[in-house]
Structures are given as C-alpha cells and as structure tokens.
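*Asks:* coords please:
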Amino acid sequence: MPNAAAPATEGPDRSDAPAHVAIIMDGNGRWAAARGLPRAEGHRRGVEALRRVVRASHELGIRYLTIFSFSSENWSRPASEIGDLFGLLRRFIRNDLASLHRDGVKVRIIGERDGLEGDICALLNEAEELTRDNTRLTLVVAFNYGSRQEIAKAAQKLAREVAEGKRDPASIDADSIGAHLDAPDIPDPDLIIRTSGEQRLSNFLMWQAAYSELVFVPVHWPDFDKGALEGAIAEFARRERRFGGLVAKSAS
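*Replies:* Okay, here's the model as predicted:
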C-alpha cells in the first residue's frame, strides 16, 4: 500500500469520499454481552454489518475497503471462539462470494497463510482468483494479519536480497520497504475507522497509516451501518490533511 494513488476503479463519482477506507471492526463481544447473548452471536451480527458496509462503500464512491478480519493476536482467544470465527469466515465466503463477484467486488487477502487449515487457504485463494478482474470495489481482507509481522517480513525479504548480492544496503529506503509489504499496489488508506470507542490501531496497517486520518466511533461494529460510515466520512472531510507540508483537501 504505497502513498501514491492507484488507478481509479469503476464506481460512482463522489468527490467527497476518501478513495480508501480501512476499518477496525471492534465490539462484537461487547455488543453481545450488553444483550445477554453469546459472543458468537455478536460475531454473526458483525458479518451482517460487513455486508451492509461493503454495499454502502460502493454507493458512497469508496474504491478500496480494508477490513481487519482476524488479527495475528486473536490466536490467544479461547479455542471455541476461534472456531466460531473461522466458521463464520467459511460461511461468508461460501455464501457471499458469488454475490460479491456478481457485484464487481475484487477480493484481496493480506496476512500470513502459513499454518492455516487447508480448506481456509483454499477458500481465500478461491475468493482472490474468482474476483481478480473485478473493478467496482476492492475489498482487502486482513486475515491472520499483524502490521509488525508484515513489516518484519518485508525487512527479511530485503535482507535476503542484500545477502544474495542483489541489493546494495544503501538502496533500502521507505519506498523499497513499502514495495515488499503484502499489497504494495494498493494505495494507503485515507481514512481509518475504529468502532466501539477504542482509540488505538492494535497492530493494524501501522506503516500504511502514516498519513491516514483516524476516526473513532462509539458504536459497536454490529450496529455500524451506512449512516455511521457517512458520519465518519463527514468528519474526514472536515480535516485538513497536510502530509508534512501544505494543507491538502481531505477528499480524494
């Protein structure tokens, strides 16, 4: 995800919309607890919210939507909850992939696939392969993802190139590191939203977030909808983006 914008994809012309929105989908468990429901029900309702937001993103002119689906730190959760999350992923891809493809959504996956169950890897590969030529909206799914791990992996790749005599260490700069991240062809997020009131990145897109606008909303993820997304975009539009220099318009 480099700083330079990628070519525009097919979609509505909404000059007030950020090109790339990333979302930390937080609060499923708290939403369920507040209603006396099991955490699994909160995650299920979170999938419904994701469907709404994918649909709304295209309607609002967003070209890239990145979602934090499963963190590399989530492995510390109870095995039963991890099983529920993986089951939801399986059902989401099997039930929603055809409609995403029909709606022109391209699916990209970032994160580590080593160690994942074979059927999960197969589903992720299928989602990317089936939708690779779509241009309406790019949905980037951060699955088994951690930003520190992503940056470390990029550094390891560059170190191997130096060790093999393919690269001068002096040539390593921000651009070369960015080029070795998981999705170097996708522009950095203009706006990062975190639901449920927490105000931190939690190891999500830390390199790419250098100049992102951050908006924290109190609503739990299962209640997040088009109106909440529009509210976050309105806050984004009020910001003055300087990029270390002159004021830039926040709209893309």
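
*Asks:* Next one: residue 161 from residue 170, what distance?
*Replies:* Here the criterion is CB to CB, to the nearest Å. By it, residue 161 lies 13 Å from residue 170. Where C-beta positions appear, they are placed from N, C-alpha and C, glycine not excepted.

*Asks:* between these two, who's got more neighbours?
*Replies:* Regarding residue 161 and residue 170, a neighbour count based on other CB atoms under 10 Å identifies residue 161 as having more, with 17 against 7.

*Asks:* Helix or strand: which one has that one?
*Replies:* helix 147-163 (DSSP states H and E).

*Asks:* What of residue 178?
*Replies:* For residue 178, the host element (DSSP H and E) is helix 174-179.

*Asks:* Measure how buried residue 169 is and give me the count.
*Replies:* Using other CB under 10 Å, the number of residues around residue 169 comes to 9.

*Asks:* residues near the residue found closest to it once you drop the neighbours it is linked to in the chain, how many?
*Replies:* In this structure, residue 169 finds its nearest non-sequential neighbour in residue 162, 5.3 Å apart by CB to CB, 6 or more residues apart in numbering. Neighbour count for residue 162, taken as other CB under 10 Å: 14.

*Asks:* Pull the contacting residues for residue 131.
*Replies:* With contact set as CB atoms under 8 Å, 6 or more residues apart in numbering, residue 131 has these partners: 97, 100, 101, 105, 106, 107.

*Asks:* Which members of those residues are positioned in strands?
*Replies:* Among the contacts of residue 131, DSSP state E puts 105, 106, 107 in strands.

*Asks:* who does the last one bridge with?
*Replies:* Beta-bridge pairing of residue 107, defined through DSSP bridges, involves residue 139.

*Asks:* Correct me if wrong: it contacts residue 126.
*Replies:* No. Counting by CB atoms under 8 Å, residue 107 does not reach residue 126; the two are 9.3 Å apart.

*Asks:* and the helix holding residue 178, how far from the chain's centre?
*Replies:* 19 Å (CA atoms, centre = their mean, to the nearest Å).

*Asks:* after it comes which helix or strand?
*Replies:* Where DSSP H and E defines the elements, the next helix or strand beyond helix 174-179 is strand 191-194.

*Asks:* other SSEs contacting that next one?
*Replies:* strand 20-24, strand 213-216, helix 226-238 (3 or more CB pairs under 8 Å, 6 or more residues apart in numbering; DSSP states H and E).

*Asks:* That one: partners in the sheet, and parallel or antiparallel?
*Replies:* Each strand paired with strand 191-194, and its direction, by DSSP bridges: strand 20-24 (parallel), strand 213-216 (parallel).

*Asks:* Can you give the distance of the last one from its chain's centre?
*Replies:* It stands for strand 213-216. Its chain's C-alpha centre and that of strand 213-216 lie 14 Å apart, by CA atoms, centre = their mean.

*Asks:* List the contacts of the closest residue to residue 38 other than its chain neighbours.
*Replies:* Nearest in space to residue 38, with sequence neighbours left out and distances taken as CB to CB, 6+ apart, is residue 32 at 6.2 Å. When contacts are counted by CB under 8 Å, 6+ apart, residue 32 is found next to 38, 39, 40, 41, 42, 45.

*Asks:* Over to residue 27?
*Replies:* With CB under 8 Å, 6+ apart, residue 27 has these contacts: 42, 195, 196, 197, 219, 220, 221, 222.
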